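Engineer: Here you go, sequence then predicted model.
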Amino acid sequence: MTLKQIEYFQTVCAKGNISAAAEALFLSRSVVSRAIAELEEEFGTQIFTRSKNGVALTESGTILAQLFETFTASYATAKGRIGRLRTQEQTRLLRLGVTPTNAYCIYHTYLEEFQCRYPQIRLYIEEYSAYDAWRMLLNGRLDAFFTPVRPDPVEFDALELYPNPIMLGVAAADPLAQKTSVSIADILDLPLGFFNAPMPIEATLKTCFQALGRELSVVIRTSDQMLLKELTRQGKLYPILPLDMMATWEEVRQVPLDFFHPSTNWLVWSRGLYQQSAMEPFLTFMRQQTRQS
């Protein structure tokens, strides 16, 4: 028994004539007759009586008609519910991007609380470079992106989140840890460390060093934050990173660089794409957070 056989059977019942049913279904009479014959063979009984005036249900056929009516109603209900569930799952998924340098802080500052308030919205969070994230926003593969790079106002809407000063990581016992800020002269001879992601900080520093006839002494680039933290704690390394990346490092002091202006973290989304329903409560939540801070 197939859905098409049931459809053909019910059309014959409604029309009272196989030829009329075939015409309504845009099929040949033989196709409809064969479907009815297959049902009769499957159930081992005659389901229609034929006459020159058309067809009529037998007692067995009446039983099948009641069964098929209940089945088709249940089938339509189940299909509709599954379709709505699929649509709901698609529209209640929020796809967010973060840069490697702000992922930890962003999650604990915003996303943890948002998930508690809106457990019905599923978050999918992944790290991307700013370059990759811009393209993914424009082609609809991301709903929003957290970044320290100011967005293009023509293509993107943005919410300013918080300033994020550039800091020198220093072991707590290091004399530099007692300073309120450090200058370019303080770091000329230091072994520096950077996060293994494209960062404007390094290009600016390189320009400053070159102006003084010096070169950066970069001893490590890594995406392993714990390694950077441990080498800094031991006094073997001086990382230069945004504050929110080092804020939780124990036994490490973050000292401001007096020649850097603080960067700003932004929440960015595409102007041109329709905002799916999960974005509406998310943007409301984020705007409330920025007003309170």
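Structural biologist: Structure's in. What do you need?

Engineer: Check the gap between residue 37 and residue 8 for me.
Structural biologist: 11 Å (Cβ to Cβ, to the nearest Å). Quick note: C-beta positions are derived from backbone N, CA and C, even for glycine.

Engineer: in the protein, which spans are helices?
Structural biologist: In the chain, the segments counted as helices under DSSP state H are 3-15, 18-25, 29-43, 59-91, 103-106, 112-117, 130-138, 184-187, 200-211, 225-233, 243-246, 279-292.

Engineer: got the angle for the second one vs helix 29-43?
Structural biologist: Put plainly, it is helix 18-25. Using axes from the mean of the first three to the mean of the last three Cα atoms, to 10 degrees, one finds that helix 18-25 and helix 29-43 are set 110 degrees apart in direction.

Engineer: Pick the most deeply packed of the helices of the chain.
Structural biologist: helix 243-246 (a mean of 22; mean count of other Cβ atoms under 10 Å).

Engineer: if you average pLDDT over that one, what comes out?
Structural biologist: Mean per-residue pLDDT for helix 243-246: 85.

Engineer: same question, stretch 56-67
Structural biologist: Averaged over stretch 56-67, pLDDT sits at 91.

Engineer: How about stretch 76-94?
Structural biologist: In this model, stretch 76-94 carries a mean pLDDT of 70.

Engineer: same deal with stretch 125-142?
Structural biologist: For stretch 125-142, the per-residue pLDDT averages 86.

Engineer: Between the two ends of that stretch, what distance do you get?
Structural biologist: The first and final residues of stretch 125-142 sit 9 Å from each other (Cα to Cα, to the nearest Å).

Engineer: what does it rub up against?
Structural biologist: 95-100, 103, 107, 111, 144-145, 147, 149, 151, 155-156, 197-198, 268-270, 272-273 (Cβ atoms under 8 Å, 6 or more residues apart in numbering).

Engineer: Pull out the buried members of these.
Structural biologist: Neighbour counting by 16 or more other Cβ atoms under 10 Å classes 95-100, 103, 107, 111, 144-145, 147, 149, 151, 156, 268-270 among the contacts of stretch 125-142 as buried.

Engineer: In strands only, show me those.
Structural biologist: 95, 96, 97, 98, 144, 145, 147, 156, 268, 269, 270 (DSSP state E).

Engineer: What residues does the residue in the chain sticking out farthest from the centre make contact with?
Structural biologist: The C-alpha centroid of the chain is most remote from residue 52, which lies 63.7 Å away (Cα atoms, centre = their mean). Applying Cβ under 8 Å, 6+ apart, we find residue 52 in contact with no residue.

Engineer: For it, give its distance to residue 17.
Structural biologist: 11 Å.

Engineer: Could you do residue 32 as well?
Structural biologist: 10 Å.

Engineer: now swap in residue 6 and tell me
Structural biologist: Noted for residue 6: a distance of 18 Å to residue 17, by Cβ to Cβ.
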